[in-house]
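In: below is the sequence, then the predicted model.
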Amino acid sequence: MNDKIQALAEKIYKDGVEKATEKADQIIASAQAKREEIIAQAQKEAGEIIAQANIEAEKEKERTGSEIRMSAISAKEALETEITNLLTDQSVTAGIEEAIATPEALYNIIVKMSEQMIKEKGNEVTISTADAKQLTDYFSNKAGHLLEQGVKIESVQGTPETFDIAPKSGGYKLSVSKGAFINYFKEFLRPTLRELLFTEDSTKSEA
């Protein structure tokens, strides 16, 4: 009797231990699987983060490079413009001052323009200036025939050596002065001078 009870107890104990061991093994196996799954997921996410970081870094590199290039181009253009303006101002101003060194030189230009305007329009031409007396004297001595053909010189308040020339028929008016000539030739010369100074350099850079 005691032997049977002992055997039954041992059997129950053995079964319990086996079931407990089996359950423990299942728990361990499940934990191991979850651990590997978590590690794999973490590695995947880490890889995605690194890949995205590399993409963003490359974009930032391109953006920074583009900004640097644009800044360099803007600085180059600004420098070219400054050099062109400086040389244009110096050369044109010096040239006009030399070409129109005396009032008579400017008066001669007024004569030529008035003569051309009479030929084209075939009617009177009015010149308005603060230098009316001096200009009239010059016309009387050098181009009296134009006064007879219809050139009228009016005295107005204004800057000396500044002349407005207009045909009687109206429609337009020409303003003539040292300043007007300087500004005109600056605008005329600036693109040509810039091309002469920098086009060759740009061609070499592109090559």
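Out: Sure, I can see it. Numbers count the residues shown, from 1 in each chain.
In: which parts of the chain are strands?
Out: According to DSSP state E, the chain carries its strands in the segments 125-129, 151-155, 162-167, 174-177.
In: need the longest helix for the chain.
Out: helix 2-99 (DSSP state H).
In: show me what the helix or strand bottoming out on mean pLDDT in the chain is packed up against.
Out: Ranked by mean pLDDT, DSSP states H and E, the weakest helix or strand in the chain is helix 178-206, scoring a mean of 71. In terms of contacts (3 or more CB pairs under 8 Å, 6 or more residues apart in numbering; DSSP states H and E), helix 178-206 is packed against helix 2-99. (Each C-beta comes from the backbone N, C-alpha and C, glycine too.)
In: next one: the residue most central in space within the chain from Glu154, what distance?
Out: Centroid check for the chain by CA atoms, centre = their mean gives Ser74 as the closest residue, at 6.1 Å. Ser74 sits 50 Å away from Glu154, going by CB to CB, to the nearest Å.
In: can you tell me which of the strands of the chain is nearest to Ala53?
Out: Ranking the strands of the chain by proximity to Ala53 (CB to CB) places strand 174-177 first, at 65.3 Å.
In: for that closest one, the averaged confidence score.
Out: Averaged across strand 174-177, the pLDDT comes to 78.
In: contact partners of stretch 167-177?
Out: Residues outside stretch 167-177 that contact it (CB atoms under 8 Å, 6 or more residues apart in numbering) are 106, 109-110, 113, 117, 121, 123-126, 150, 159, 161-166.
In: quick one: end-to-end distance for it.
Out: 18 Å (CA to CA, to the nearest Å).
In: now that stretch: buried residues?
Out: 167, 174, 176-177 (16 or more other CB atoms under 10 Å).
In: using a markdown table, lay out the residues you listed together with distance to Phe198.
Out: Below are the buried residues of stretch 167-177 laid out as a markdown table (distance: CB to CB, whole Å):
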| residue | distance to Phe198 |
| --- | --- |
| Pro167 | 42 |
| Leu174 | 33 |
| Val176 | 32 |
| Ser177 | 31 |
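In: quick one, which of the contacts of stretch 167-177 are buried?
Out: By 16+ other CB under 10 Å, the contacts of stretch 167-177 give 106, 110, 113, 117, 125-126, 150, 161-166 as buried.
In: of those, which is the nearest to Ala33?
Out: Thr162 (97.6 Å).
In: find the nearest non-adjacent residue to that closest one, please.
Out: Among residues not flanking Thr162 along the chain, Ser177 sits closest, at 4.2 Å (CB to CB, 6 or more residues apart in numbering).
In: and that neighbour, how far from Arg69?
Out: Taking CB to CB, one finds Ser177 at 44 Å from Arg69.
In: Ala143 too?
Out: Ala143 is 60 Å from Arg69, by CB to CB.
In: which of the two has more residues huddled nearby?
Out: Ala143 (19 against 10; other CB atoms under 10 Å).
In: which residues of the protein score low on pLDDT?
Out: Within the chain, the segments meeting pLDDT under 70 span 1-17, 20, 99, 169-171, 200-207.
In: rewinding a little: the least confident helix or strand of the chain to helix 2-99, inter-axis angle?
Out: 140 degrees (axes from the mean of the first three to the mean of the last three CA atoms, to 10 degrees).
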